[in-house]
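**Q** please find the sequence and the predicted model below.
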Amino acid sequence: MSNPKVDETTQSPVLGMGIALLGFALYSTHDAITKYVGASLSVFQIIFFAMLFAFVPMSIMMLADKSVGNFRPKKPWLVLLRSTTMIIGLSCAFYAFTVLPLAEVYSLLFAAPLLITVFSIPILGEVVRAQRWAAVIVGLIGVMIVLRPGASEFTLGHAAGLISACCSALSSVLVRKIGRQERTVVMILFPMILAMVVMGMLLPQVYTPMTLSQLALVACIGLFSVFAQFAVIAGYRRAPAAVVAPGQYSQIIWATVFGMLFFGEQPDIYVGIGSTIIIGSGIFVVWRESRANVSARYPVLRTLTTRLAIAPTIRRPLNPGEEPTSPPLS
């Protein structure tokens, strides 16, 4: 199978990368707002109202899907599993952002591409050879440098960041598993509905009256998540995945800047060294998958970001004799 590629008629690597970088910047802004609002509001309350605001533009996208079909999942248990991992991962990520420095949280979340490589073996039947295994091991060493076991306290926030990375990786691999059978609207609708139901059930226990400014900021969280997804998807449509995928690591720069400007955070040398190792390992995995005859399924390249995106992976033009592996985005 040939490497993933975009339609040559619309290919513009510079434009695609620029649009994707805008999306990654929006994600980082989204996270900084979450950290700020999370100082006074419960994570569950933030997610509930953010989902409500995100549902409007997402509904417009769903209505634009003209493909024939219903909203019944063809793989209901896998759709439920993916939705559950998304909710757990999103909750853990939001909590980690509220209690840890932004750059430190990103260092943990950036382990997701490495975990995708691991999860793709039992779930997708992917064959991972020695060089990618070495990258995974080196990346996990970087995680240990960030955590510094024995030298610093391992907090609930650190555990939440690691759980979020695991859930993000599992959710991404499940998209690759069921994306061929499920409609786009099903992949979007079920996680959102389940998230609102679960958070709505928890809301009475954690609800705090919000000021108008808090409500506006929560609305920004929901809307920025949608706009960021659209921007990243547009970037992948205009540029090769191997060009766009490493751009997600630009978020560590935004995290450092936002942390210093708004939260008085100063990342220490261990976070810097560990992040560099993790990012380097992730880029190596992307580079290995982009080479011909290395990966049969491209579990990392075919995942939009390490974020728990609601939208499934993008569609690319099929190579001769190749069967579709993901639904189109409308």
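**A** Structure received. Numbering: from 1, shown residues only.
**Q** rest of the way, CA atoms for contacts and neighbours
**A** Noted.
**Q** which secondary structure state does Met210 sit in?
**A** The assignment at Met210 comes out as coil when based on DSSP: H, G, I helix; E, B strand; the rest coil.
**Q** what's the neighbour count on it?
**A** 13 (other C-alpha atoms under 10 Å).
**Q** who touches whichever helix or strand Ile278 is part of?
**A** Under the criterion of DSSP states H and E, Ile278 resides in helix 269-290. Contact with helix 269-290 is made by 3-4, 103-104, 107, 110-111, 113-114, 132, 135-136, 138-146, 148, 242, 245-246, 249, 294-295, 298, 300-301, as judged by C-alpha atoms under 8 Å, 6 or more residues apart in numbering.
**Q** pull out the buried positions in it.
**A** 270-272, 274-290 (16 or more other C-alpha atoms under 10 Å).
**Q** what's the answer for stretch 142-151, then?
**A** Gly142, Val143, Ile145, Val146, Leu147.
**Q** how about those residues in CSV, adding pLDDT?
**A** As requested, these are exported to CSV (pLDDT from 0 to 100):
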residue, pLDDT
Gly142, 92
Val143, 92
Ile145, 91
Val146, 90
Leu147, 87
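**Q** show me those that map onto helices.
**A** Gly142, Val143, Ile145, Val146, Leu147 (DSSP state H).
**Q** what would the residues you listed look like in TSV with distance to Ile193?
**A** Shown next, in TSV, are these (distance: C-alpha to C-alpha, whole Å):
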residue	distance to Ile193
Gly142	36
Val143	33
Ile145	38
Val146	35
Leu147	35
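**Q** show me what secondary structure element comes after the host helix or strand of Met58.
**A** Counting by DSSP H and E, the element that carries Met58 is helix 43-63. Next along the chain after helix 43-63, taking DSSP H and E as the criterion, comes helix 76-99.
**Q** between that following helix and helix 43-63, how many degrees?
**A** 130 degrees (axes from the mean of the first three to the mean of the last three C-alpha atoms, to 10 degrees).
**Q** next helix or strand past the helix or strand hosting Ser213?
**A** Assigned by DSSP H and E, Ser213 belongs to helix 212-238. Next helix or strand after helix 212-238 toward the C-terminus (DSSP H and E): helix 241-244.
**Q** tell me what that next one is packed against?
**A** helix 13-37, helix 269-290 (3 or more C-alpha pairs under 8 Å, 6 or more residues apart in numbering; DSSP states H and E).
**Q** 6 Å - rerun?
**A** The contact analysis (3 or more C-alpha pairs under 6 Å, 6 or more residues apart in numbering; DSSP states H and E) places helix 241-244 against no helix or strand.
**Q** tell me the mean pLDDT for that helix?
**A** For helix 241-244, the mean per-residue pLDDT is 78.
**Q** show residues contacting whichever helix or strand comes after it.
**A** Remark: after helix 241-244, the chain's next helix or strand is helix 251-262, criterion DSSP H and E. The contact list for helix 251-262 (C-alpha atoms under 6 Å, 6 or more residues apart in numbering) reads Ser28, Leu102, Ala103, Glu265.
**Q** I'd like those residues laid out as CSV, including pLDDT, neighbour count and distance to Leu170.
**A** Formatted as CSV, the contacts of helix 251-262 follow (pLDDT from 0 to 100; neighbours: other C-alpha atoms under 10 Å; distance: C-alpha to C-alpha, whole Å):
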residue, pLDDT, neighbour count, distance to Leu170
Ser28, 94, 25, 22
Leu102, 93, 28, 23
Ala103, 92, 27, 23
Glu265, 92, 17, 31
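**Q** between which two of those residues is the distance greatest?
**A** Of all pairs drawn from the contacts of helix 251-262, the greatest distance, 15.2 Å, lies between Ser28 and Glu265 (C-alpha to C-alpha).
**Q** if I look at Ile193, how far off is Lys35?
**A** Counting by C-alpha to C-alpha, to the nearest Å, the gap from Ile193 to Lys35 is 24 Å.
**Q** neighbour count for those two, which is higher?
**A** Set side by side, Ile193 and Lys35 show more neighbours around Lys35, with 24 against 15, by other C-alpha under 10 Å.
**Q** look up the pLDDT of that one for me, please.
**A** pLDDT at Lys35 comes out at 96.
**Q** what of Thr9?
**A** We have a pLDDT of 46 for Thr9.
**Q** could you do the one 3 residues further on as well?
**A** Per-residue pLDDT puts Ser12 at 78.
**Q** tell me the gap between the helix or strand of the chain with the lowest mean pLDDT and the middle of its chain.
**A** When the helices and strands of the chain are scored by mean pLDDT, DSSP states H and E, helix 241-244 comes last with a mean of 78. Centroid separation for helix 241-244 versus its chain: 15 Å, with C-alpha atoms, centre = their mean, to the nearest Å.
**Q** that'll do, ta.
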